[in-house]
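Trainee: Sequence below, structure please.
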Amino acid sequence: MTTTAEKKPTDLASACAELASRLAKNSMPFTEEQLERQHGKEKLSIAERLDLLFDQGSWRVEVGAFAAEDMYQEFGGGIHSAGCRAVIGLVHQKPTMVLANDSMVKAGAWFPMTIKKMLRAQEIAMENHLPTIYLVDSAGVFLPLQEEIFPDKEHAGRIFYNNSIMSARGIPQVAVVMGPCVAGGAYLPVLSDELIIVNGAGNVFLAGPFLVEAAIGEKVDAESLGGADMHCQVSGTGDYNAGTEQEALTTARDIARSWRRKSADFLRDPWKMPKRPAEDILKIFPASRQAAYDSRQLLDCIIDEDSFLEYKEEYGQSLVCGTARIDGWHVGIVANQRNLVRSGTGEVQIGGVIYSDGADKAARFILNCNQKGLPIVYLQDVTGFMVGTRSERGGIIKDGAKLVNAVSNSRVPQITIVVGNSNGAGNYALCGRAYGPRFTYAWPTARISVMGGEQAGKTLLSLEKQRRKKNPMTPDEEQEFLEKTRKHYEDHSSPYHAASRLWIDGIIDPRETRDLISRLVKSANEAPLAESFNTGVFQV
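Mentor: Numbers count the residues shown, from 1 in each chain. Got it, this is the predicted structure:
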């Protein structure tokens, strides 16, 4: 096998409780005093702005809530959610991406992870053809880290490139300038289709008053240089002059009324409740990462009752494939089977490992989903591909490559949920981040790494012992080395570590999986499908 699962037990209910606590703290990290100061400037908090912008009581899906968590400690840390919020929600019943700077976090300055998050939000908007509203309130680039923000392909300039591409593709963009909008950042609202500026608060200029004076000796105040009156009356840059933030957000909603909708026209039938309640997930999913469980029982808590049609049930049993309905939406499902199963030759297959016949089956199933136009949902609890002489002679690389090829070229939306392990090439084959899933979310039990900490420790210990042949390690040194390696892998494979770096879009309570998938499919339904599907060449 390519990996060994972690041995440390994880109580799912406790992990969910920790997640709820961390999400609550993350969504409102400010004190009452800080909020009062914000209100004293006649400015709203991000949470208040979002509440006014989205349809009252409607669903939302946040992207990157934990971005930059525990990063930038050398600058004081506290860059909550990377200093901006990216949320998909309904505006006049239309799924909409809202990307909002948070001026209460380091004056809304752009850190490297801020840029990465903004680009991820735009990527989601482009892939799913989601209208986008920018709430602009930022002091601009965080200058001490400018070389990690400014010049490269995936740095700040790419935001404005994406603005231009989105406009050309007919994806509506509206910018609401609610505070400073400085230097290169000024291009973002001006490249949007329509621009709203809050009078007395919003400013748009390439250089602020201090820089203007330093550069050309001119003394000017911010309002005269780039305020709402100047841009709406003189330069013609602004389209709407709003007296308050509330008025600006109402105007943005009014603009959204006229957005036309395009659709992939995914199938949706009247929904049924799942066979088992979502709460049962806490009973089914084991505390030990080595324990077996039946993936179909998890599906019983997520999909509409009696909707699962399993594909090649008796073949390639290391992966469970089939069509189902989730909240009425027709989808394809590819999930690891964690139970011990038998191959067609009678070989006992270890749960969580992908075998040749399973990879072959899943590749063919993905082709079928593309033929039918069905979104695909992946449930990852995979420790890798099976290795060894028997597997290599059986064509494990060839069949694994088929699966990777099918995943890479899929034209239908792919949604990945990491429920447990996500190791090595198994992460790749089941549509990990590198393979362009429309969305990637994880349960708090997820572990994402090349291999598990146990195997990593033993592998690295073997290398260290080889290196120290002339000065052999003592048993105590070996144990210390193993423990240190295990801890490193445990910390760095945590879903919170992955979420802070935007390797995943977020962490969810497992009981919310069904609702999340339904909302993501609805969002993906806004983008028309590519006309054709082609996998290119692969070994057969």
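Trainee: what are the ranges of the helices in the stretch 301-450 of the chain?
Mentor: Ranges of helices within the stretch 301-450 of the chain are 356-372, 389-393, 396-409, 424-429, based on DSSP state H, counting those that start in this stretch.
Trainee: Would you map the helices across the stretch 51-200 of the chain?
Mentor: When secondary structure is read from DSSP H, counting those that start in this stretch, the stretch 51-200 of the chain shows helices at 112-128, 157-168, 187-190.
Trainee: so what's E154 closest to, chain neighbours aside?
Mentor: On the basis of CB to CB, 6 or more residues apart in numbering, the spatially nearest residue to E154 that is not a chain neighbour turns out to be L119, at 6.4 Å. Placement of C-beta: from N, CA and C, glycine included.
Trainee: Quick one, which of the helices of the stretch 51-200 of the chain gets closest to G506.
Mentor: Nearest of the helices of the stretch 51-200 of the chain to G506, taken as CB to CB: helix 112-128 at 11.0 Å.
Trainee: and the closest one, what does it pack onto?
Mentor: strand 60-63, strand 84-91, strand 94-101, strand 132-136, helix 157-168, helix 513-524 (3 or more CB pairs under 8 Å, 6 or more residues apart in numbering; DSSP states H and E).
Trainee: by how many degrees do that helix and strand 132-136 diverge?
Mentor: Between the axes of helix 112-128 and strand 132-136, defined by axes from the mean of the first three to the mean of the last three CA atoms, to 10 degrees, the angle is 160 degrees.
Trainee: how about helix 112-128: buried residues?
Mentor: For helix 112-128, the buried set under the neighbour-count rule, 16 or more other CB atoms under 10 Å, comprises 112-122, 124-128.
Trainee: how about it as CSV, C-alpha atoms only?
Mentor: The C-alpha atoms that make up helix 112-128 are tabulated as CSV, following Å, rounded to 0.1, in the frame of the first residue of the first chain:
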residue,chain,number,x,y,z
PRO,A,112,-0.6,37.4,-0.2
MET,A,113,-3.4,35.2,1.0
THR,A,114,-5.9,38.0,0.4
ILE,A,115,-4.9,37.9,-3.3
LYS,A,116,-5.1,34.1,-3.4
LYS,A,117,-8.6,34.2,-1.9
MET,A,118,-9.8,37.0,-4.3
LEU,A,119,-8.5,35.0,-7.3
ARG,A,120,-10.2,31.9,-6.0
ALA,A,121,-13.5,33.7,-5.7
GLN,A,122,-13.2,35.0,-9.3
GLU,A,123,-12.3,31.6,-10.5
ILE,A,124,-15.5,30.2,-8.9
ALA,A,125,-17.5,33.1,-10.5
MET,A,126,-16.0,32.4,-13.9
GLU,A,127,-16.4,28.6,-13.8
ASN,A,128,-20.0,28.9,-12.7
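Trainee: elements contacting the longest strand seen in the chain?
Mentor: Of all the elements of type strand in the chain, the one with the most residues (DSSP state E) is strand 414-423. With contacts defined as 3+ CB pairs under 8 Å, 6+ apart, the packing partners of strand 414-423 are strand 376-382, strand 439-442, strand 447-449, helix 513-524.
Trainee: hey, least reliable of these by pLDDT?
Mentor: Within the helices and strands packed on strand 414-423, the least confident segment by mean pLDDT turns out to be strand 447-449, at a mean of 91.
Trainee: Not counting that one itself, show me its contacts.
Mentor: Contacting residues not belonging to strand 447-449 are listed as 6, 289, 418, 420-423, 427, 442, 456, 489-490, 492-495, 498, 503-504 [CB atoms under 8 Å, 6 or more residues apart in numbering].
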